[in-house]
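S.K.: the following comprises the amino acid sequence and a computationally predicted model.
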Amino acid sequence: MCANNIKALRVASKKTQTQVARDLGVKLDRYRSWEQGKRNPTGLMGIQIAEYFGVTTDTVFGSQYAEPIHESLSDDEKKLLSLYRALTHDCKRAVLAVASALSEL
């Protein structure tokens, strides 16, 4: 379950709920609702959570089958991921916002 995974990732990273919520740019109540299983993060937030903890979204959302990520990516996707990982947290959030807007066109 997503809630258990998010909590386990936070505990393993030795961070408080307050720290993680602040770093992700969400209100503490929203973050707590994810850990309590009352709500699930959106797909984009799931990506941010995965990036924050250095795991795949499969780990965050609890997929039982996690395909090795780099085997399924095209060369362009690998390059994009490499560039994305070099960005600051704020820049990553901006890229996600732009990508989200473009995907709705």
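M.R.: That came through, no problem.

S.K.: got the buried residues for stretch 20-33?
M.R.: For stretch 20-33, the neighbour count (16 or more other C-beta atoms under 10 Å) marks 20-21, 24, 26, 31, 33 as buried. Heads up, the C-betas are built off the backbone N, CA and C, glycines and all.

S.K.: so what touches that stretch?
M.R.: Here stretch 20-33 makes contact (C-beta atoms under 8 Å, 6 or more residues apart in numbering) with 10, 13, 15, 17-18, 39, 45, 48-49, 52, 89, 93.

S.K.: sort out for me which of the residues you listed are in strands.
M.R.: Cross-referencing the contacts of stretch 20-33 against strands under DSSP state E gives no overlap.

S.K.: and stretch 45-58, how far from the chain's centre?
M.R.: Centroid separation for stretch 45-58 versus its chain: 3 Å, with C-alpha atoms, centre = their mean, to the nearest Å.

S.K.: list of residues touching it?
M.R.: Identification of contacts with stretch 45-58 by C-beta under 8 Å, 6+ apart yields 6, 9-10, 13, 20, 23-24, 26, 41, 43, 59-61, 65-67, 69, 85, 89, 92-93, 96.

S.K.: ok, of these, which come out buried?
M.R.: Among the contacts of stretch 45-58, those buried by neighbour count (16+ other C-beta under 10 Å) are 6, 9-10, 20, 24, 26, 41, 59-61, 92-93, 96.

S.K.: re the thing from before, would TSV of the buried residues of stretch 20-33 with secondary structure, distance to Leu73 and pLDDT be doable?
M.R.: Listed next are those as TSV, based on DSSP: H, G, I helix; E, B strand; the rest coil; distance: C-beta to C-beta, whole Å; pLDDT from 0 to 100:
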residue	secondary structure	distance to Leu73	pLDDT
Val20	helix	27	96
Ala21	helix	30	96
Leu24	helix	24	95
Val26	coil	28	95
Tyr31	helix	29	96
Ser33	helix	32	95
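
S.K.: this completes my enquiry, with thanks.
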